[in-house]
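Asker: Mind looking at a prediction? Sequence and model below.
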Amino acid sequence: MNFIKKSSFLVTLLITVLCSFFFNSCKKAEEVLYFQGEFIDSTSELHSSYFPVIQKNDMLEVMLTTANEEATKLFTPAIQNNKTTVTYSSGVASKNGFLVDQNGFIELPFIGKILAHGKKRNDLEDEIESKLSEYIKEPIVLIQIINFKVTVLGDVRRPGTISVPNEKISLIEAIAIAGDLNITAERKKIVLIREVNGVRKEFLIDLTSKDFFSSQFYFLQQNDVIYVSPNRAKINSSSYSQIYLPILSSISLILTALNLILK
(Lines give C-alpha, C1' and ligand atoms only; values in the text may rest on other atoms or scores of the structure.)
Protein backbone atom coordinates (compact mmCIF):
# COMPACT_ATOMS: atom_id res chain seq x y z
CA MET A 1 0.00 0.00 0.00
CA ASN A 2 2.85 2.37 0.85
CA PHE A 3 4.38 1.66 -2.57
CA ILE A 4 1.13 2.60 -4.29
CA LYS A 5 0.88 5.84 -2.33
CA LYS A 6 4.47 6.74 -3.12
CA SER A 7 3.92 5.93 -6.79
CA SER A 8 0.83 8.11 -6.97
CA PHE A 9 2.71 10.94 -5.26
CA LEU A 10 5.59 10.63 -7.74
CA VAL A 11 3.27 10.80 -10.76
CA THR A 12 1.45 13.81 -9.29
CA LEU A 13 4.77 15.55 -8.65
CA LEU A 14 5.98 14.99 -12.22
CA ILE A 15 2.73 16.28 -13.66
CA THR A 16 2.91 19.37 -11.43
CA VAL A 17 6.49 20.13 -12.51
CA LEU A 18 5.63 19.82 -16.21
CA CYS A 19 2.51 21.95 -15.86
CA SER A 20 4.53 24.63 -14.08
CA PHE A 21 7.03 24.62 -16.93
CA PHE A 22 4.36 25.03 -19.59
CA PHE A 23 2.61 27.86 -17.72
CA ASN A 24 5.91 29.66 -17.21
CA SER A 25 6.51 29.43 -20.96
CA CYS A 26 3.62 31.81 -21.66
CA LYS A 27 4.76 35.06 -23.26
CA LYS A 28 4.04 38.56 -21.98
CA ALA A 29 1.98 40.97 -24.09
CA GLU A 30 4.96 43.20 -24.88
CA GLU A 31 6.71 40.22 -26.46
CA VAL A 32 3.95 39.43 -28.96
CA LEU A 33 2.32 42.78 -29.84
CA TYR A 34 3.38 44.50 -33.07
CA PHE A 35 4.52 48.13 -33.45
CA GLN A 36 4.47 49.20 -29.82
CA GLY A 37 4.81 52.88 -28.99
CA GLU A 38 2.83 56.10 -29.18
CA PHE A 39 0.84 56.41 -32.43
CA ILE A 40 -1.34 59.45 -31.63
CA ASP A 41 -0.55 62.31 -34.05
CA SER A 42 2.68 60.57 -35.03
CA THR A 43 3.98 60.21 -38.57
CA SER A 44 6.61 58.03 -40.18
CA GLU A 45 8.30 58.83 -43.47
CA LEU A 46 8.09 55.94 -45.93
CA HIS A 47 10.40 55.39 -48.85
CA SER A 48 7.76 56.56 -51.33
CA SER A 49 10.28 56.86 -54.17
CA TYR A 50 11.17 53.20 -53.86
CA PHE A 51 12.61 51.53 -56.94
CA PRO A 52 14.03 48.00 -56.88
CA VAL A 53 17.70 47.57 -57.69
CA ILE A 54 18.30 45.18 -60.59
CA GLN A 55 20.37 42.09 -59.76
CA LYS A 56 22.06 39.29 -61.68
CA ASN A 57 19.64 36.59 -62.86
CA ASP A 58 16.73 39.03 -62.89
CA MET A 59 14.39 38.60 -65.85
CA LEU A 60 13.45 41.98 -67.33
CA GLU A 61 10.44 42.76 -69.47
CA VAL A 62 11.35 45.68 -71.77
CA MET A 63 8.43 47.54 -73.35
CA LEU A 64 8.90 50.22 -75.98
CA THR A 65 6.40 52.85 -77.10
CA THR A 66 6.89 55.87 -79.35
CA ALA A 67 4.81 58.56 -80.98
CA ASN A 68 5.78 57.00 -84.31
CA GLU A 69 3.78 53.79 -84.69
CA GLU A 70 5.90 52.61 -87.62
CA ALA A 71 9.09 52.92 -85.60
CA THR A 72 7.53 50.94 -82.77
CA LYS A 73 6.56 48.18 -85.20
CA LEU A 74 10.13 48.10 -86.45
CA PHE A 75 11.64 47.52 -83.01
CA THR A 76 8.96 45.35 -81.39
CA PRO A 77 9.60 42.15 -83.44
CA ALA A 78 13.33 42.44 -82.79
CA ILE A 79 12.74 42.77 -79.06
CA GLN A 80 10.38 39.78 -79.04
CA ASN A 81 12.84 37.59 -80.94
CA ASN A 82 15.69 38.29 -78.50
CA LYS A 83 13.79 37.39 -75.35
CA THR A 84 14.50 34.42 -73.10
CA THR A 85 11.75 32.22 -71.70
CA VAL A 86 11.54 31.72 -67.94
CA THR A 87 9.38 29.11 -66.24
CA TYR A 88 8.50 29.42 -62.56
CA SER A 89 8.78 26.31 -60.39
CA SER A 90 5.84 27.59 -58.33
CA GLY A 91 3.49 26.91 -61.22
CA VAL A 92 3.15 30.49 -62.45
CA ALA A 93 2.82 30.76 -66.23
CA SER A 94 5.98 31.10 -68.27
CA LYS A 95 7.03 34.59 -69.33
CA ASN A 96 9.54 36.06 -71.73
CA GLY A 97 12.18 38.60 -70.84
CA PHE A 98 15.82 39.63 -70.98
CA LEU A 99 17.99 37.74 -68.50
CA VAL A 100 20.60 39.74 -66.59
CA ASP A 101 23.69 37.58 -67.07
CA GLN A 102 26.39 36.70 -64.52
CA ASN A 103 28.35 39.78 -65.55
CA GLY A 104 25.33 41.99 -64.94
CA PHE A 105 24.49 42.77 -68.58
CA ILE A 106 21.43 42.43 -70.77
CA GLU A 107 21.63 42.41 -74.55
CA LEU A 108 19.06 44.39 -76.50
CA PRO A 109 18.58 44.52 -80.26
CA PHE A 110 20.20 47.41 -82.12
CA ILE A 111 21.93 48.87 -79.04
CA GLY A 112 23.79 45.78 -77.81
CA LYS A 113 24.88 45.02 -74.25
CA ILE A 114 23.94 47.32 -71.38
CA LEU A 115 25.02 47.00 -67.76
CA ALA A 116 21.86 46.45 -65.69
CA HIS A 117 23.12 44.99 -62.40
CA GLY A 118 23.14 47.47 -59.52
CA LYS A 119 20.97 50.04 -61.29
CA LYS A 120 17.52 51.18 -60.31
CA ARG A 121 14.84 50.31 -62.82
CA ASN A 122 14.06 53.95 -63.66
CA ASP A 123 17.76 54.72 -64.25
CA LEU A 124 18.07 51.82 -66.69
CA GLU A 125 14.92 52.98 -68.49
CA ASP A 126 16.47 56.43 -68.96
CA GLU A 127 19.71 54.94 -70.29
CA ILE A 128 17.95 52.72 -72.82
CA GLU A 129 15.77 55.62 -73.96
CA SER A 130 18.90 57.71 -74.50
CA LYS A 131 20.51 55.03 -76.67
CA LEU A 132 17.32 54.36 -78.64
CA SER A 133 16.89 58.08 -79.35
CA GLU A 134 19.68 57.69 -81.91
CA TYR A 135 17.30 55.53 -83.97
CA ILE A 136 13.81 56.80 -83.17
CA LYS A 137 12.27 60.01 -81.91
CA GLU A 138 11.14 60.30 -78.28
CA PRO A 139 11.18 56.62 -77.28
CA ILE A 140 9.48 55.63 -74.03
CA VAL A 141 10.86 52.52 -72.32
CA LEU A 142 9.20 50.69 -69.45
CA ILE A 143 10.96 47.89 -67.59
CA GLN A 144 9.48 45.32 -65.25
CA ILE A 145 11.23 42.62 -63.23
CA ILE A 146 9.03 39.64 -64.04
CA ASN A 147 10.67 37.13 -61.68
CA PHE A 148 10.49 39.37 -58.59
CA LYS A 149 10.00 37.12 -55.58
CA VAL A 150 10.64 36.95 -51.83
CA THR A 151 10.70 33.98 -49.47
CA VAL A 152 9.32 33.70 -45.93
CA LEU A 153 10.54 30.83 -43.75
CA GLY A 154 10.32 29.76 -40.14
CA ASP A 155 7.64 30.21 -37.49
CA VAL A 156 4.80 31.42 -39.75
CA ARG A 157 1.58 29.71 -40.74
CA ARG A 158 2.31 29.30 -44.47
CA PRO A 159 6.04 29.51 -45.27
CA GLY A 160 6.99 29.71 -48.93
CA THR A 161 8.03 31.85 -51.89
CA ILE A 162 5.87 34.82 -52.92
CA SER A 163 5.77 36.16 -56.50
CA VAL A 164 5.39 39.95 -56.66
CA PRO A 165 4.00 41.15 -60.00
CA ASN A 166 4.18 44.88 -59.20
CA GLU A 167 7.77 44.77 -57.84
CA LYS A 168 6.75 46.40 -54.56
CA ILE A 169 6.04 44.55 -51.33
CA SER A 170 6.65 45.45 -47.71
CA LEU A 171 7.83 43.09 -45.01
CA ILE A 172 4.42 43.42 -43.35
CA GLU A 173 2.65 42.38 -46.56
CA ALA A 174 4.96 39.39 -47.03
CA ILE A 175 4.28 38.18 -43.49
CA ALA A 176 0.54 38.67 -43.99
CA ILE A 177 0.62 36.59 -47.20
CA ALA A 178 2.50 33.91 -45.24
CA GLY A 179 -0.44 33.77 -42.82
CA ASP A 180 1.08 35.98 -40.09
CA LEU A 181 3.57 35.02 -37.40
CA ASN A 182 2.65 32.24 -35.03
CA ILE A 183 2.13 33.28 -31.42
CA THR A 184 5.40 31.49 -30.62
CA ALA A 185 7.46 33.50 -33.14
CA GLU A 186 10.33 35.73 -32.01
CA ARG A 187 9.11 39.17 -33.09
CA LYS A 188 12.12 41.15 -31.92
CA LYS A 189 14.67 39.32 -34.05
CA ILE A 190 13.24 38.83 -37.54
CA VAL A 191 16.15 37.95 -39.83
CA LEU A 192 16.29 39.54 -43.29
CA ILE A 193 18.79 37.93 -45.67
CA ARG A 194 19.62 40.18 -48.62
CA GLU A 195 22.23 40.23 -51.36
CA VAL A 196 24.02 43.59 -51.50
CA ASN A 197 26.58 44.11 -54.29
CA GLY A 198 27.11 40.40 -54.64
CA VAL A 199 27.52 39.85 -50.89
CA ARG A 200 24.88 38.11 -48.80
CA LYS A 201 24.10 40.06 -45.63
CA GLU A 202 21.85 39.48 -42.65
CA PHE A 203 19.86 42.15 -40.81
CA LEU A 204 17.83 41.94 -37.60
CA ILE A 205 14.41 43.61 -37.50
CA ASP A 206 12.25 44.34 -34.45
CA LEU A 207 8.55 44.17 -35.31
CA THR A 208 7.50 45.08 -31.78
CA SER A 209 8.65 48.68 -32.36
CA LYS A 210 6.75 51.23 -34.42
CA ASP A 211 10.12 52.60 -35.56
CA PHE A 212 10.05 49.81 -38.13
CA PHE A 213 7.80 51.98 -40.33
CA SER A 214 10.71 54.34 -41.04
CA SER A 215 13.23 51.52 -41.45
CA GLN A 216 15.19 51.03 -44.66
CA PHE A 217 13.93 47.44 -44.58
CA TYR A 218 10.24 48.36 -44.70
CA PHE A 219 10.15 47.49 -48.42
CA LEU A 220 11.72 44.26 -49.62
CA GLN A 221 14.08 43.74 -52.53
CA GLN A 222 13.76 40.86 -54.98
CA ASN A 223 15.14 37.55 -53.71
CA ASP A 224 15.01 38.69 -50.08
CA VAL A 225 14.62 35.87 -47.55
CA ILE A 226 12.79 36.49 -44.27
CA TYR A 227 13.46 34.00 -41.51
CA VAL A 228 11.30 33.95 -38.38
CA SER A 229 12.79 31.99 -35.50
CA PRO A 230 10.68 30.47 -32.71
CA ASN A 231 10.98 32.14 -29.32
CA ARG A 232 12.87 30.59 -26.43
CA ALA A 233 9.68 29.36 -24.77
CA LYS A 234 8.72 27.29 -27.81
CA ILE A 235 12.21 25.84 -28.12
CA ASN A 236 12.27 24.90 -24.44
CA SER A 237 8.73 23.55 -24.59
CA SER A 238 9.58 21.39 -27.59
CA SER A 239 12.76 20.11 -25.95
CA TYR A 240 11.10 19.28 -22.64
CA SER A 241 8.15 17.68 -24.40
CA GLN A 242 10.41 15.40 -26.41
CA ILE A 243 12.50 14.43 -23.37
CA TYR A 244 10.14 14.29 -20.40
CA LEU A 245 6.72 13.40 -21.78
CA PRO A 246 7.85 9.96 -23.03
CA ILE A 247 9.54 9.36 -19.66
CA LEU A 248 6.41 10.41 -17.79
CA SER A 249 4.26 8.17 -19.96
CA SER A 250 6.57 5.21 -19.36
CA ILE A 251 6.64 5.78 -15.60
CA SER A 252 2.87 6.14 -15.48
CA LEU A 253 2.44 2.92 -17.45
CA ILE A 254 4.83 1.01 -15.17
CA LEU A 255 3.22 2.34 -12.00
CA THR A 256 -0.25 1.56 -13.27
CA ALA A 257 0.80 -2.01 -14.09
CA LEU A 258 2.41 -2.45 -10.66
CA ASN A 259 -0.67 -1.02 -9.01
CA LEU A 260 -2.86 -3.60 -10.74
CA ILE A 261 -0.47 -6.45 -9.88
CA LEU A 262 -0.20 -5.54 -6.19
CA LYS A 263 -3.94 -5.12 -5.64
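Answerer: Cool, the structure landed.
Asker: the strands in the stretch 101-250 of the chain, which residues?
Answerer: Listed in chain order, the strands of the stretch 101-250 of the chain (DSSP state E, counting those that start in this stretch) span 105-108, 112-115, 140-145, 149-154, 160-163, 190-196, 199-205, 225-228.
Asker: Tell me which of the ones you listed lies nearest to K131.
Answerer: Nearest to K131 among the strands of the stretch 101-250 of the chain is strand 112-115; the distance by Cβ to Cβ comes to 7.4 Å. Backbone N, C-alpha and C define where each C-beta goes, glycine included.
Asker: Can you list the buried residues in that closest one?
Answerer: Buried positions in strand 112-115, judged by neighbour count with 16 or more other Cβ atoms under 10 Å: I114.
Asker: So which residues make contact with it?
Answerer: With contacts defined as Cβ atoms under 8 Å, 6 or more residues apart in numbering, strand 112-115 is touched by 104-108, 124, 127-128, 131.
Asker: Now rank those residues by neighbours and give me the top one.
Answerer: The member of the contacts of strand 112-115 that has the most neighbours, counting by other Cβ atoms under 10 Å, is I106 with 25 neighbours.
Asker: Quickly list what that residue is bridged to.
Answerer: Taking DSSP bridges as the rule, I106 bridges to I114.
Asker: Could you measure from it over to S229?
Answerer: As judged by Cβ to Cβ, to the nearest Å, I106 and S229 stand 38 Å apart.
Asker: Please spell out the segments of the protein that come in under the pLDDT threshold.
Answerer: 1-32, 37-49, 70-95, 232-263 (pLDDT under 70).
Asker: swap the cut-off to 50 and go again
Answerer: Scanning the chain for pLDDT under 50 picks out 3-4, 21-23, 25, 29, 85-94, 235, 238-239.
Asker: can you list the domain ranges for it.
Answerer: Domain assignment for the chain, taken from automatic domain parsing, gives 31-48+149-232, 59-145.
Asker: The shortest one spans what distance, first to last residue?
Answerer: From the first residue to the last, domain 59-145 extends over 6 Å; the measure is Cα to Cα, to the nearest Å.
Asker: all helices for the stretch 151-263 of the chain, in order.
Answerer: Secondary structure of the stretch 151-263 of the chain (DSSP state H, counting those that start in this stretch): helices at 171-177, 232-262.
Asker: Now do the buried residues in the first one.
Answerer: By 16+ other Cβ under 10 Å, the buried positions in helix 171-177 come out as 171-172, 174-175, 177.
Asker: out of those, who's nearest A185?
Answerer: The nearest one, if we look at these relative to A185 and count by Cβ to Cβ, is I175, at 9.4 Å.
Asker: That closest one contacts L181, correct?
Answerer: Yes. Using Cβ atoms under 8 Å, I175 is in contact with L181, at 6.3 Å.
Asker: Now for the two: what residues contact both?
Answerer: Common neighbours of I175 and L181, using Cβ under 8 Å, 6+ apart, are 156, 228.
Asker: how about the helices in the stretch 1-150 of the chain?
Answerer: Residue ranges of the helices in the stretch 1-150 of the chain, as given by DSSP H, counting those that start in this stretch, are 2-24, 69-81, 121-132.
Asker: wait, doesn't G154 sit right on I193?
Answerer: No. Under the criterion of Cβ under 8 Å, G154 makes no contact with I193, lying 11.4 Å away.
Asker: between those two, which one's more packed in?
Answerer: The neighbour comparison of G154 against I193 (other Cβ under 10 Å) goes to G154, with 18 against 15.
Asker: Beta-bridge partners for the more buried one, please?
Answerer: V228.
Asker: from now on call the first residue 28
Answerer: Noted, 28 is the first residue going forward, which turns the last one into G181.
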